[in-house]
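**Q** Predicted model, plus sequence, below.
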Amino acid sequence: MIIGGLARFLYPGEQRLGCLGTLVLGVSGAIVGGIVWNVLLQGEPYRPGGWIMSTIGAVIVLWVAEKLGGPRPPVS
């Protein structure tokens, strides 16, 4: 949940996620960050990437979700 919150804080704009969405964002960010870390280092089989890579992975997940989600109406 902390990683998801950090990613939401760092990513510009408003994300419409509740507590469960933020939790899923943090977990998926850890997975994506671990994959990116292992691809860059060509290291061991999957291993979590740590706080920094997990946060970067969560920001990547937010960016991809925004691009796949299409335009959203402005929030008043």
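**A** Cool, got the structure.
**Q** center of this structure - which residue?
**A** The centre of the chain sits closest to Ala58, judged by C-alpha atoms, centre = their mean, with a distance of 1.1 Å.
**Q** Surely it is in contact with Ile3?
**A** Yes - at 5.4 Å, Ala58 counts as touching Ile3 under the criterion of C-beta atoms under 8 Å. In this view, the C-beta of every residue, glycine as well, is placed from N, C-alpha and C.
**Q** what residues are shared contacts of these two?
**A** Applying C-beta atoms under 8 Å, 6 or more residues apart in numbering, one finds that Ala58 and Ile3 are jointly contacted by Leu25, Gly26, Gly29, Ala30.
**Q** Sketch out the helices for this protein, chain order is fine.
**A** Ranges of helices in the chain, per DSSP state H, are 2-10, 19-41, 50-69.
**Q** export these to a markdown table and tack on mean pLDDT?
**A** As requested, the helices of the chain are exported to a markdown table (pLDDT from 0 to 100):
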| stretch | mean pLDDT |
| --- | --- |
| helix 2-10 | 82 |
| helix 19-41 | 82 |
| helix 50-69 | 83 |
